[in-house]
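> Make a model of this:
(chains A and B)
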Amino acid sequence: MVSSSLSNKRYTYIHESESVLRRGAIDIHHVIINRSRSTGYARRMGLAFFLVILGVDNPVVLELSVKWFLCFDTKSEASKESCSESVIIMPTFGIQLETQYLRKTVSRFIPIGKILKPVLVECVTPVTCYIRVSLYFCEELRPPLKMLVPILKELCAVIGTDQSEMITDEKHDASG
Amino acid sequence: MAEPKLRVLMVSDFFFPNFGGVENHIYYLSQCLLNLGHKVVVMTHAYGNRTGVRYMTGGLKVYYVPWRPFAMQNTFPTVYGTLPIVRTILKRERITVVHGHQAFSTLCHEALMHARTMGYRVVFTDHSLYGFADVGSIHMNKVLQFTLADIDQAICVSHTSKENTVLRSGLAPGKVFMIPNAVDTAMFKPADVRPSSDDVITIVVISRLVYRKGADLLVEVIPEVCRLYPNVRFVVGGDGPKHVRLEEMREKHSLQDRVEMLGAVPHSRVRSVLVTGHIFLNSSLTEAFCIAILEAASCGLLTVSTRVGGVLPDDMVVLAEPDPDDMVRAIEKAISILPSINPEEMHNRMKKLYSWQDVAKRTEIVYDRALKCSNRNLLERLSRFLSCGAWAGKVFCMVMIIDYLLWRLLQFLQPDDDVEEAPDINFCN
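Numbering: from 1, shown residues only, chains lettered A, B, ... in the order given. Below is the predicted model:
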């Protein structure tokens, strides 16, 4: 496997691919979020100091703050696991998009025939801007039957087809 | 791709798809600056679903920041809320000069404040006239005083506007440049065949029918002119609260066949309305720079106008006081000199006098002057705000100190090196 990687403070990029001589080889790209231990530690200490100040005159508030902090601290320990996103490119077959979270992985497969175009999109939020890769693809809608029936009735009315038999057949198919 | 000479960020709440004088000014100026080899980026708020980054003609990059407008197309004033996004855009695009437009734009004021805090050169263009007496104007003038206290250079669109801005803000007149607006003469051309003025003389009025645009004057002028000249007809384009008064005037004097009311006219159709006339009538009570009379003159119409900012050369315009009798006299004079007017010659003169390329070159000079201004540190800049008022000065200083501290905090949380620079995309014409 040929691989390359790039890294900065926040992200690490890893590219895995089979030998370039072999056509149709799978191409895998990973982007991993780096989480700094020291930043997390400083954040927790700052929060602890704030909570102590808050509850210095009130024992009840102090007790609640300590409990909340311990609960938060436990979760933040688990969050040391970094999240990542992967793009697995299978030529002539499709693209698999995976996002790895703390306890689960979400993946989605897009057949190659449905992909219209990959683009670089500049996104703007109220506080920042960033660039991401987006895929334009076409997707069929599959709404439930009760939404399709009114559309069918209108079309039949326009064309002049008897719709009652068609709906009865569909009910038989559904029950059978 | 060759490195641009300057990288300019135009900031305003008013930009396309909203339509108006400020929007047109920013767009045409940006296009001409792009042609001169500069890089121009526009920052405005989102309009409905139009949010994110868009590219316009010539590679003009527009950031539609998702801050929703809350009143009269203005972003909600948060003072410090726009600091992160302004900093990000300035770093991403490697901006050298920030150019804010319109005193009424909260986004402009906030962006200029943040840009000065971060040490960028700032230029401000004022497009409108404001009063001094009412509560809204007093508040607006104080905000303007705050913004302009620390500006590098300012631009006004007419001498009238310059006087008004200097009086309102207390800015030194030497820092204010006067660069008039221009007109797109390629769009506003005379008709191929000019309508004959022997039988019927058509006077065109295109404006919003509001008090400030002198719609009340029209109600008195039109019947009088129609009485004196049976061969004169009026075409009135535009809409507004005073529309009803004009309709009543038409009914009262039975002028339905001589006064045609078109209603709101889209800007794309303005030229087609103008070329049906011989004289353009402008009755505005106050105007920083009346682009409408430029458009009319570019179409070859003789103009009758009140004394507003941005008036044409003497042989293209007949001036009048905002008084019905004086306006009728001015229209009489215009009708008498109408046979000597050559629309094509007027159009060609307008091309030379009012071109956006000339505006861009003059704006470039202002940018160069701003870049030569010395960069003062925070303490030196705070002394400028103290002169804004006994209490206001101290409040302004506190605002700037907090802005500075927030900027430093942002630098700690996200260092400048972490802000990724956006690639320059070359659009080949």
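> drop to CA atoms for contacts and neighbour counts, all remaining ones
Will do.
> In its sheet, which strands sit next to the helix-or-strand element of chain B with minimal mean pLDDT, and in what direction?
In chain B, no helix or strand scores lower on mean pLDDT, DSSP states H and E than strand B:69-71, which sits at a mean of 83. Strand B:69-71 sits in its sheet next to strand B:74-75 (antiparallel), going by DSSP bridges.
> next one: stretch B:129-144 to chain centre, how far?
Stretch B:129-144 has its C-alpha centroid displaced from the chain centroid by 18 Å (CA atoms, centre = their mean, to the nearest Å).
> Which residues are in contact with whichever residue of the stretch 151-300 of chain B sits closest to chain A?
Residue nearest to chain A within the stretch 151-300 of chain B: B:Ile151 (24.6 Å; CA to the nearest CA). Contacts for B:Ile151 were tallied using CA atoms under 8 Å, 6 or more residues apart in numbering or on different chains; they are B:116, B:121-124.
> And those, which is closest to A:Leu148?
The closest of the contacts of B:Ile151 to A:Leu148 turns out to be B:Phe124 (CA to CA; 57.3 Å).
> isn't that closest one right up against B:Ile155?
Yes - contact criterion CA atoms under 8 Å: B:Phe124 and B:Ile155 qualify, at 6.1 Å.
> Where does the prediction get shaky in the stretch 201-350 of chain B?
Across the stretch 201-350 of chain B, the ranges flagged by pLDDT under 70 are B:310-311.
> Tell me the residues on chain A that lie near chain B, please.
A:122-129 (CA under 8 Å from any CA of the partner chain).
> what about B:Asn24, neighbour count?
Neighbours of B:Asn24 under the rule other CA atoms under 10 Å in any protein chain shown: 19.
> the helices in chain A, which residues?
A:37-54, A:59-78, A:145-159, A:163-175 (DSSP state H).
> domain parsing for chain B?
Domain ranges of chain B: B:7-182+B:357-418, B:201-353, per automatic domain parsing.
> Contact partners for A:Ile115?
Neighbours of A:Ile115 in contact, by CA under 8 Å, 6+ apart: A:135-138.
> before we move on, the earlier item: show me the contacts of B:Ile151 that map onto strands.
B:121-124 (DSSP state E).
> Only whichever of the residues you listed are buried, select them in PyMOL.
Buried members of these, defined by 16 or more other CA atoms under 10 Å in any protein chain shown, are picked up in PyMOL with:
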select buried, chain B and resi 121+122+123+124
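> Nearest to B:Leu378 among the ones in strands among the contacts of B:Ile151?
Nearest to B:Leu378 among the ones in strands among the contacts of B:Ile151, with distances taken as CA to CA, is B:Arg121, at 14.2 Å.
> Not counting its neighbours along the chain, what's nearest the closest one?
Excluding the flanking residues, the one nearest B:Arg121 by CA to CA, 6 or more residues apart in numbering or on different chains is B:Val97, at 5.0 Å.
> Now do the SS call for the residue in the stretch 101-250 of chain B that chain A sits nearest to.
Going by CA to the nearest CA, chain A is nearest to B:Leu107 of the stretch 101-250 of chain B, at 12.5 Å. At B:Leu107 the chain is in helix, as set by DSSP: H, G, I helix; E, B strand; the rest coil.
> do B:Gly100 as well
strand.
> That one: how many residues sit nearby?
Count around B:Gly100 with other CA under 10 Å applied: 27.
> how about the lengthiest helix in chain B, does it reach chain A?
Ordering each helix of chain B by length in residues (DSSP H) puts helix B:392-413 first. No - counting by CA under 8 Å from any CA, chain A has no neighbours in helix B:392-413; the shortest distance is 10.1 Å.
> In that helix, which residues are buried?
By 16+ other CA under 10 Å, the buried positions in helix B:392-413 come out as B:392-397, B:400-401, B:403-404, B:407.
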